[in-house]
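Asks: Fold the following for me, if possible:
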Amino acid sequence: MSVTGDGVVSRSADDRHEVVIVGGGMVGAALAVLLGEAGVEVALVDARPALLDADTVGRGQPARRVSALTPVSQRLLEGVGAWAWMASRRISPYRYMQVWDAEGSGEVNFSADQAGMPVLGHIVENDVTLAALERRLEALPSVRLCLGARVEGLEGGGEGRCIVLADGRRLSAPLVVAADGVRSPLRDMAGIALNERETGHVGLVTTVRVERPHGEVARQTFLPTGPLAFLPLAVEEREHHCSIVWSTSPAEAERLAGLPREDLGEALAAAIDHRLGAVTVLDEATGFPLVQRHAKRYTLPGFALVGDAAHGIHPLAGQGVNLGLMDAAVLAEELLAARRRGMRLGDERTLARYARRRRGDNAGMLALMDGFRLLFGARHPALTLGRNLGMGGVDRLVPLKRLLLQQATGQRGRLPVSCR
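Replies: Residues are numbered from 1 along each chain as shown. The predicted structure is shown next:
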């Protein structure tokens with residue numbers, strides 16, 4: 001691996017690569033590792049000036065931003081050699097899920113045993129996952145990191161693409177991949193439009209300590225103002241921490257974020273019927289707007305979108321990063337198959353196969369989450385009664401619960417080989 005950036009000298013002046021990836025978050029880094037392990041010459045471009053400090057990640061108080069990684073995502077991370085390091089830091093398994101309607105008696109309980117799995121997933125701080133992937137990147141000689149680099153232009157087409165950096169450097173490749181997040185400047189430069197839906201919600205996140213052990217249960221209640229999740233964290237092998245994601249109206253999110261921590265803890269405890277006893281807020285509560293987005297297309301000649309650059313989903317089921325990791329796994333699989341056949345990596349047929357495999361699955365999950373959001377956001381008494389009866393019925397039907405668990409744990413469709 002070579003690194004360029006402020007104060008760091010590259011070991012290679014060559015600006016031509018097989019693939020240029022813009023965005024060094026979890027999805028972009030995973031794609032770079034998958035390709036780099038196969039010897040593909042990759043340039044990974046990111047605006048951050050340096051990699052994460054692996055010595056400090058996963059130590060002390062948990063970070064606010066976490067992801068619920070499915071067993072399928074776990075297999076991907078195991079396959080690229082990242083999971084073992086993550087496990088040495090901090091991963092928090094959950095074996096059960098409880099979902100209930102705060103306005104009625106409807107409740108559904110899921111368990112890993114019903115899914116035939118040891119766990120339903122793991123709650124992992126985003127920095128832990130990213131640091132593990134960055135450690136793998138450092139060991140790959142075909143990957144070049146360009147840090148502290150801001151993209152100002154995108155040129156070319158089917159015969160190859162070139163990105164222009166703010167410092168004047170130009171990086172070219174048969175394929176450029178945008179992994180640069182929900183606001184993706186590169187997607188805008190490529191002229192790819194979005195379908196956007198305002199959810200009317202803000203996601204409020206923080207970390208808490210709870211009086212009663214969480215028992216490796218991920219809890220989610222549907223309140224009149226939106227869903228609230230208590231995601232279990234294992235800190236120093238104890239079950240008394242949770243990560244909070246509270247989706248609510250902008251006005252309510254602002255009110256909650258402005259409360260003294262003691263008052264916010266009381267509001268959180270009351271919102272889940274005091275199931276975990278007293279709640280102590282450990283960190284600042286911060287909010288971010290929840291907008292559902294889906295790119296109208298995933299590819300152009302010599303260009304592809306992955307992760308949040310392609311789709312943004314309500315955090316209702318914690319599927320965001322899992323969908324992105326599957327994008328990375330499928331795109332890598334198609335690119336490596338094309339490379340073995342001697343095809344150019346930006347070939348439209350190769351990219352079309354990636355788009356067909358991923359856009360439908362992502363669209364289905366976005367539609368499902370939007371349906372849940374609308375159903376549980378409805379205040380009509382008949383709908384409230386109907387969904388409570390429906391939840392009770394689901395809880396008694398083991399085959400239906402198993403089907404829902406397959407969706408939630410990523411066991412759907414044609415999985416890439418790296419995730420099986």
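
Asks: now the stretch 301-420 of the chain, which segments are flagged as low pLDDT?
Replies: Low-confidence segments of the stretch 301-420 of the chain, defined by pLDDT under 70: 316-318, 368-402.

Asks: Just the strands from it, written as ranges.
Replies: Along the stretch 301-420 of the chain, the segments classed as strands by DSSP state E, counting those that start in this stretch run 303-305, 311-312.

Asks: just the helices in the stretch 301-420 of the chain please.
Replies: With DSSP state H, counting those that start in this stretch applied, the stretch 301-420 of the chain shows helices at 320-340, 348-377, 381-396, 398-408, listed in chain order.

Asks: most neighbours per residue, which of the strands of the stretch 301-420 of the chain?
Replies: Using mean count of other Cβ atoms under 10 Å, the stretch among the strands of the stretch 301-420 of the chain with the greatest mean number of neighbours is strand 303-305 (a mean of 28). To be clear about C-beta, it is placed using only N, CA and C from the backbone, and glycine gets the same treatment.

Asks: residues making contact with it?
Replies: 154, 161, 175-178, 184, 187, 190, 192, 295, 298-299, 331, 346, 351, 354-355 (Cβ atoms under 8 Å, 6 or more residues apart in numbering).

Asks: please redo it, this time with the cut-off set to 6 Å
Replies: Outside strand 303-305, the residues within contact range by Cβ atoms under 6 Å, 6 or more residues apart in numbering are 161, 176-178, 187, 190, 295, 298, 351.

Asks: Repeat that for stretch 230-242.
Replies: Contacts of stretch 230-242 with the rest of the structure, by Cβ under 6 Å, 6+ apart, involve 62, 92, 94, 123, 208-210, 213-214, 216, 218-219, 243.

Asks: chain center to that stretch: distance?
Replies: 20 Å (Cα atoms, centre = their mean, to the nearest Å).

Asks: Equivalent analysis for stretch 255-272, please.
Replies: Here stretch 255-272 shows a centroid-to-chain-centroid distance of 26 Å under the convention Cα atoms, centre = their mean.

Asks: Show me what it is in contact with.
Replies: Defining contact as Cβ under 6 Å, 6+ apart, one finds that stretch 255-272 is touched by 204, 221, 228, 279-281, 285, 287.

Asks: closest to Val20 among these?
Replies: Sorting the contacts of stretch 255-272 by distance to Val20 puts Gly287 at the head of the list, at 33.7 Å, by Cβ to Cβ.

Asks: Kindly export the one helix or strand the closest one maps to (C-alpha atoms) in CSV.
Replies: Taking DSSP states H and E as the criterion, the element that holds Gly287 is strand 286-295. The C-alpha trace of strand 286-295 is given here as CSV (Å, rounded to 0.1, in the frame of the first residue of the first chain):
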residue,chain,number,x,y,z
THR,A,286,-27.2,14.5,18.6
GLY,A,287,-29.7,14.4,15.7
PHE,A,288,-29.5,13.9,12.0
PRO,A,289,-32.3,14.3,9.4
LEU,A,290,-33.8,11.1,8.1
VAL,A,291,-34.4,11.2,4.3
GLN,A,292,-35.0,8.1,2.2
ARG,A,293,-33.1,8.3,-1.0
HIS,A,294,-32.6,6.0,-3.9
ALA,A,295,-30.5,6.7,-7.0
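
Asks: what residues does that strand touch?
Replies: Counting by Cβ under 6 Å, 6+ apart, residues outside strand 286-295 touching it are 192, 194-199, 201-204, 253, 257, 305, 310-312, 314, 366.

Asks: now with 8 Å?
Replies: The contact list for strand 286-295 (Cβ under 8 Å, 6+ apart) reads 64, 182, 187, 192-199, 201-206, 247, 250, 253-254, 257, 305, 309-315, 362-363, 366, 369-370.
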